[in-house]
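Visitor: got a predicted model here, sequence first, then my questions.
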Amino acid sequence: MKQADPAAFTAARPHAQYGALCWRQHRDEVQVLLITSRETGRWLIPKGWPMKGRPAHEAARIEAWEEAGVIGTAGAEPIGVYAYAKGRAPETLRSCAVAVYPLQVTGLARRFPETGQRRRKWFSLAKAARKVAEPDLAALIAGFTPPPPAGPAPLDSALPRGHIQ
(Lines give C-alpha, C1' and ligand atoms only; values in the text may rest on other atoms or scores of the structure.)
Protein backbone atom coordinates (compact mmCIF):
# COMPACT_ATOMS: atom_id res chain seq x y z
CA MET A 1 0.00 0.00 0.00
CA LYS A 2 1.30 3.47 -0.87
CA GLN A 3 2.22 5.53 2.20
CA ALA A 4 1.12 9.17 2.46
CA ASP A 5 3.85 11.77 2.54
CA PRO A 6 3.76 13.22 6.11
CA ALA A 7 5.15 16.53 4.84
CA ALA A 8 2.20 16.90 2.44
CA PHE A 9 -0.24 16.20 5.27
CA THR A 10 1.25 18.76 7.67
CA ALA A 11 1.56 21.40 4.94
CA ALA A 12 -2.09 21.05 3.93
CA ARG A 13 -4.43 23.80 5.05
CA PRO A 14 -6.71 22.36 7.73
CA HIS A 15 -10.40 21.90 7.00
CA ALA A 16 -12.68 23.88 9.32
CA GLN A 17 -15.14 22.07 11.56
CA TYR A 18 -17.33 23.17 14.45
CA GLY A 19 -17.73 21.23 17.68
CA ALA A 20 -19.89 21.47 20.77
CA LEU A 21 -18.58 21.09 24.30
CA CYS A 22 -21.86 19.90 25.81
CA TRP A 23 -21.93 20.64 29.54
CA ARG A 24 -24.21 20.69 32.54
CA GLN A 25 -24.02 21.58 36.20
CA HIS A 26 -24.74 18.38 38.16
CA ARG A 27 -24.87 18.89 41.90
CA ASP A 28 -21.70 20.89 42.59
CA GLU A 29 -19.79 19.65 39.56
CA VAL A 30 -19.52 20.67 35.92
CA GLN A 31 -19.89 17.63 33.66
CA VAL A 32 -19.19 17.17 29.96
CA LEU A 33 -21.07 14.87 27.60
CA LEU A 34 -18.82 12.78 25.37
CA ILE A 35 -19.91 10.54 22.53
CA THR A 36 -18.17 7.68 20.76
CA SER A 37 -17.11 7.80 17.14
CA ARG A 38 -19.09 5.51 14.87
CA GLU A 39 -16.06 3.70 13.45
CA THR A 40 -13.54 3.33 16.28
CA GLY A 41 -15.55 3.87 19.46
CA ARG A 42 -13.14 6.58 20.70
CA TRP A 43 -14.56 9.27 23.00
CA LEU A 44 -15.00 12.70 21.41
CA ILE A 45 -17.28 15.72 21.25
CA PRO A 46 -20.01 16.22 18.62
CA LYS A 47 -18.57 18.04 15.61
CA GLY A 48 -19.12 18.54 11.92
CA TRP A 49 -18.66 20.63 8.83
CA PRO A 50 -19.80 24.23 8.31
CA MET A 51 -23.43 24.59 7.25
CA LYS A 52 -24.36 27.07 4.55
CA GLY A 53 -26.40 29.94 5.95
CA ARG A 54 -25.79 28.97 9.59
CA PRO A 55 -23.44 30.65 12.05
CA ALA A 56 -20.70 28.40 13.44
CA HIS A 57 -22.21 28.04 16.94
CA GLU A 58 -25.55 27.05 15.41
CA ALA A 59 -23.84 24.40 13.24
CA ALA A 60 -22.19 23.04 16.41
CA ARG A 61 -25.59 22.91 18.16
CA ILE A 62 -27.16 21.06 15.22
CA GLU A 63 -24.30 18.53 15.19
CA ALA A 64 -24.82 17.96 18.92
CA TRP A 65 -28.50 17.27 18.25
CA GLU A 66 -27.84 14.90 15.33
CA GLU A 67 -25.00 12.96 16.97
CA ALA A 68 -26.06 12.96 20.64
CA GLY A 69 -29.67 14.14 20.93
CA VAL A 70 -28.58 17.24 22.84
CA ILE A 71 -31.10 19.98 23.50
CA GLY A 72 -29.61 23.24 24.69
CA THR A 73 -28.11 26.60 23.93
CA ALA A 74 -24.72 27.15 22.29
CA GLY A 75 -22.57 30.13 23.14
CA ALA A 76 -21.76 32.39 20.20
CA GLU A 77 -18.03 32.59 20.99
CA PRO A 78 -15.68 29.61 20.74
CA ILE A 79 -13.74 28.53 23.82
CA GLY A 80 -10.82 27.37 21.68
CA VAL A 81 -9.65 25.31 18.73
CA TYR A 82 -8.09 21.88 18.47
CA ALA A 83 -6.61 19.98 15.54
CA TYR A 84 -6.91 16.33 14.58
CA ALA A 85 -6.34 14.05 11.61
CA LYS A 86 -9.58 12.80 10.05
CA GLY A 87 -9.40 9.43 8.37
CA ARG A 88 -7.85 6.08 9.14
CA ALA A 89 -5.78 5.19 6.09
CA PRO A 90 -2.68 7.29 5.45
CA GLU A 91 -3.79 8.20 1.94
CA THR A 92 -7.14 9.56 3.16
CA LEU A 93 -5.92 11.62 6.14
CA ARG A 94 -7.19 15.20 6.28
CA SER A 95 -6.04 17.83 8.74
CA CYS A 96 -9.02 19.43 10.55
CA ALA A 97 -9.22 22.42 12.89
CA VAL A 98 -12.28 22.35 15.15
CA ALA A 99 -13.60 25.56 16.72
CA VAL A 100 -15.30 24.47 19.96
CA TYR A 101 -18.45 26.20 21.25
CA PRO A 102 -19.84 25.73 24.75
CA LEU A 103 -23.33 24.24 24.72
CA GLN A 104 -25.32 24.19 27.94
CA VAL A 105 -27.45 21.06 27.88
CA THR A 106 -31.06 21.43 29.02
CA GLY A 107 -32.18 17.98 27.89
CA LEU A 108 -31.30 14.78 26.04
CA ALA A 109 -33.67 13.25 23.52
CA ARG A 110 -34.28 9.51 23.56
CA ARG A 111 -34.49 9.45 19.76
CA PHE A 112 -32.32 11.53 17.44
CA PRO A 113 -30.81 11.08 13.96
CA GLU A 114 -27.84 8.93 15.08
CA THR A 115 -29.62 6.96 17.81
CA GLY A 116 -27.98 3.55 18.17
CA GLN A 117 -24.84 4.55 16.23
CA ARG A 118 -22.97 6.09 19.17
CA ARG A 119 -22.76 5.90 22.94
CA ARG A 120 -23.05 9.03 25.06
CA LYS A 121 -21.93 9.49 28.64
CA TRP A 122 -21.44 12.27 31.19
CA PHE A 123 -17.96 12.72 32.69
CA SER A 124 -16.32 15.09 35.13
CA LEU A 125 -14.03 17.61 33.44
CA ALA A 126 -10.91 15.76 34.62
CA LYS A 127 -12.13 12.34 33.49
CA ALA A 128 -13.42 13.66 30.13
CA ALA A 129 -10.01 15.25 29.51
CA ARG A 130 -8.36 11.87 30.10
CA LYS A 131 -10.84 10.04 27.80
CA VAL A 132 -10.29 12.07 24.61
CA ALA A 133 -7.29 11.32 22.38
CA GLU A 134 -6.49 14.84 21.14
CA PRO A 135 -4.20 16.71 23.57
CA ASP A 136 -5.54 20.16 22.62
CA LEU A 137 -9.14 19.01 23.15
CA ALA A 138 -8.14 17.51 26.50
CA ALA A 139 -6.65 20.86 27.53
CA LEU A 140 -9.83 22.71 26.47
CA ILE A 141 -11.97 20.35 28.52
CA ALA A 142 -9.70 20.39 31.58
CA GLY A 143 -9.62 24.20 31.61
CA PHE A 144 -13.31 24.74 30.85
CA THR A 145 -15.23 27.19 33.00
CA PRO A 146 -18.92 27.62 32.21
CA PRO A 147 -19.82 31.07 30.91
CA PRO A 148 -21.77 33.30 33.29
CA PRO A 149 -25.52 32.86 32.96
CA ALA A 150 -27.18 35.20 30.51
CA GLY A 151 -29.86 37.26 32.11
CA PRO A 152 -30.93 40.75 33.04
CA ALA A 153 -28.30 43.33 33.86
CA PRO A 154 -27.45 43.72 37.54
CA LEU A 155 -29.85 46.05 39.32
CA ASP A 156 -27.28 48.77 40.02
CA SER A 157 -26.38 49.13 36.33
CA ALA A 158 -30.05 49.64 35.48
CA LEU A 159 -30.47 52.57 37.88
CA PRO A 160 -30.31 56.10 36.47
CA ARG A 161 -27.20 58.13 37.26
CA GLY A 162 -27.35 59.99 40.52
CA HIS A 163 -29.90 57.58 42.01
CA ILE A 164 -29.27 57.02 45.71
CA GLN A 165 -29.64 53.45 46.88
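Guide: Thanks, I have it.
Visitor: got the phi and psi for residue 35?
Guide: phi -130, psi 160 (degrees, to the nearest 10).
Visitor: that one bridge partners, please.
Guide: residue 44, residue 120 (DSSP bridges).
Visitor: neighbours of it, how many?
Guide: The tally of other residues near residue 35 (other C-beta atoms under 10 Å) stands at 23. Quick note: C-beta positions are derived from backbone N, CA and C, even for glycine.
Visitor: mind listing what's buried in the top strand by length along the chain?
Guide: Looking across the chain with DSSP state E, the single longest strand is strand 94-108. By 16 or more other C-beta atoms under 10 Å, the buried positions in strand 94-108 come out as 95, 96, 98, 99, 100, 101, 102, 103, 104, 105, 108.
Visitor: same deal with stretch 64-76?
Guide: For stretch 64-76, by 16+ other C-beta under 10 Å, it's 64, 65, 67, 68, 69, 70, 72, 74, 75.
Visitor: what of stretch 43-52?
Guide: Quick answer for stretch 43-52 (16+ other C-beta under 10 Å): 43, 44, 45, 46, 47, 48.
Visitor: now stretch 133-153
Guide: Applying 16+ other C-beta under 10 Å to stretch 133-153 flags 134, 136, 137, 138, 140, 141, 144 as buried.
Visitor: show the contacting residues for the nearest residue to residue 119 once chain neighbours are set aside.
Guide: Once flanking residues are discounted, residue 119 sits nearest to residue 36: 4.6 Å by C-beta to C-beta, 6 or more residues apart in numbering. For residue 36, the contacting residues are 42, 43, 44, 118, 119, 120, by C-beta atoms under 8 Å, 6 or more residues apart in numbering.
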